[in-house]
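Peer 1: just to be clear, the model below is a prediction. Sequence and coordinates:
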Amino acid sequence: MTEPTRPIAIVAAEAPLRSRPSNYPEPFASRMQGRDKRPLGDLFGLTHFGVNLTRLAPGAVSALRHAHSRQDEFIYVLSGHPTWITDAGETPLAPGMCAGSKAGTGDGHCLVNRSAEDVVYLEIGDRSAGDVATYPDDDLQALLDEAGHWRFVHKDGTPY
């Protein structure tokens, strides 16, 4: 089987949107309304880390507040004024600012757009197999298998 043809370069804002707006099961997936992701790394066949160009409409969130066991995450704000929420509290961000979340700390994080304008940012994270994402505010846990697919379970381990 031949490798698919990959672009050499693209205009990031013209990349196709992710086919599924959210990987979360309901009732969590519907909480991601107003979030659009363009998986840039996938277009180039990147397998060790992912890069998404993400837009949050006013009132939208990047994800449920979560922490990864093995995957580091980094965000870079291109436009708008989101709020970075971690266990330490809330930090207002502006264009040109960045933030990161180290794997294994248990520090839950997410971005929230409380402004009246869109927020656009890059999110970069590795794809460490065996990662577990915990959600301190929700009855949810995510497990990443060797094939790179997330499986969602309740905190007691029962599947969704």
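Peer 2: Yep, it's here.
Peer 1: contacts, neighbours, all on C-alpha from now
Peer 2: Fine.
Peer 1: who's in contact with R35?
Peer 2: For R35, the contact set (CA atoms under 8 Å, 6 or more residues apart in numbering) comprises 21, 54-57, 60-62.
Peer 1: quick one: buried ones out of those?
Peer 2: 54-57, 60-62 (16 or more other CA atoms under 10 Å).
Peer 1: just the contacts of R35: which are in strands?
Peer 2: 54-56 (DSSP state E).
Peer 1: save the residues you listed as a markdown table, and put in pLDDT too.
Peer 2: What follows is the ones in strands among the contacts of R35, written out as a markdown table (pLDDT from 0 to 100):
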| residue | pLDDT |
| --- | --- |
| T54 | 98 |
| R55 | 98 |
| L56 | 98 |
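Peer 1: between those residues, which is nearest A133?
Peer 2: T54 (19.7 Å; CA to CA).
Peer 1: quick one, strands of the protein?
Peer 2: Under DSSP E, the chain gives strands at 35-39, 49-56, 67-68, 73-79, 83-86, 89-92, 98-101, 110-112, 119-126, 132-134, 141-144, 150-153.
Peer 1: include distance to F28 when you put the ones you listed into JSON lines, please.
Peer 2: Compiled in JSON lines, the strands of the chain are given as follows (distance: least, CA to CA, whole Å):
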{"stretch": "strand 35-39", "distance to F28": "13"}
{"stretch": "strand 49-56", "distance to F28": "16"}
{"stretch": "strand 67-68", "distance to F28": "16"}
{"stretch": "strand 73-79", "distance to F28": "21"}
{"stretch": "strand 83-86", "distance to F28": "18"}
{"stretch": "strand 89-92", "distance to F28": "22"}
{"stretch": "strand 98-101", "distance to F28": "22"}
{"stretch": "strand 110-112", "distance to F28": "14"}
{"stretch": "strand 119-126", "distance to F28": "20"}
{"stretch": "strand 132-134", "distance to F28": "14"}
{"stretch": "strand 141-144", "distance to F28": "12"}
{"stretch": "strand 150-153", "distance to F28": "11"}
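Peer 1: most tightly surrounded among those strands?
Peer 2: strand 67-68 (a mean of 25; mean count of other CA atoms under 10 Å).
Peer 1: gap between the nearest residue to G45 once chain neighbours are set aside and H154?
Peer 2: Excluding the flanking residues, the one nearest G45 by CA to CA, 6 or more residues apart in numbering is R6, at 7.2 Å. For R6, the distance to H154 (CA to CA, to the nearest Å) stands at 38 Å.
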